[in-house]
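Give me a model of this one.
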Amino acid sequence: MAKQKEEIRAANELGVYVCEDDKACEKAWKIAGDFISKHSTSSNSTQPEIDSSKLNMGRTPGADNDLSLAISKIDLGDRKQKLFLGIRCRDSSIGVELCASKKVQDIGVAFKRYLETSLAD
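Have a look, this model is predicted:
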């Protein structure tokens, strides 16, 4: 039981959402795209760098305080999928500090909650 709680906590911190079925995952994918658009702060993030059915990735952070978010869809087998949020910061000392910050951790936690709340509507 303790291991399961630890896995759930880690999934929340990492920004992982496990889809209940294909239809819910399709809807969650669209909502996740809105989430990354809202939370990416990169000055050049208006258009994604990659936008496919399995990966939606914002442009590389242009400034030290920029965040670039990505969402990937991963097959778990047995017709299950999960969505994984990735957050990139600029490759600089300030960027590294930003990626280690509570602000970034909070975005990871908010991701799953955002999807669950939006899907419940």
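
buried sites along stretch 35-42?
Buried residues in stretch 35-42, counting neighbours by 16 or more other Cβ atoms under 10 Å, are found at 35, 36, 39, 40, 41, 42. The C-beta positions use only the backbone N, C-alpha and C, and glycine is treated the same way.

And for that stretch, what's in contact with it?
For stretch 35-42, contacts defined as Cβ atoms under 8 Å, 6 or more residues apart in numbering pick out 45, 56, 58-63, 65-71, 85, 107, 110-111, 114-115.

can we see that at 7 Å?
Applying Cβ atoms under 7 Å, 6 or more residues apart in numbering, the contact partners of stretch 35-42 are 56, 58-59, 61-62, 65-71, 107, 111, 114.

State the helix or strand in which the residue most central in space within the chain lies.
Of all residues in the chain, the one closest to the mean position by Cα atoms, centre = their mean is residue 85, 2.0 Å from it. Using DSSP states H and E, residue 85 sits in strand 80-89.

Next secondary structure element downstream of that strand?
helix 93-99.

Pull out the buried positions in that following helix.
By 16+ other Cβ under 10 Å, the buried positions in helix 93-99 come out as 95, 98, 99.

what separates that helix from the chain centre, distance-wise?
Averaging C-alpha positions (Cα atoms, centre = their mean, to the nearest Å) puts helix 93-99 18 Å from its chain's average.

rewinding a little: starting from residue 74, give me the distance back to the residue nearest to the centre of the chain.
Using Cβ to Cβ, to the nearest Å, residue 85 is found at 12 Å from residue 74.

can you map out the strands along this structure?
16-18, 50-51, 55-57, 67-77, 80-89 (DSSP state E).

From the rest of the structure, what touches the shortest one?
Think strand 50-51. For strand 50-51, the surrounding residues in contact (Cβ under 7 Å, 6+ apart) are residue 57.

Could you please name the strands that strand pairs with and the direction of each pair?
As defined by DSSP bridges, the strand partners of strand 50-51 come to strand 55-57 (antiparallel).
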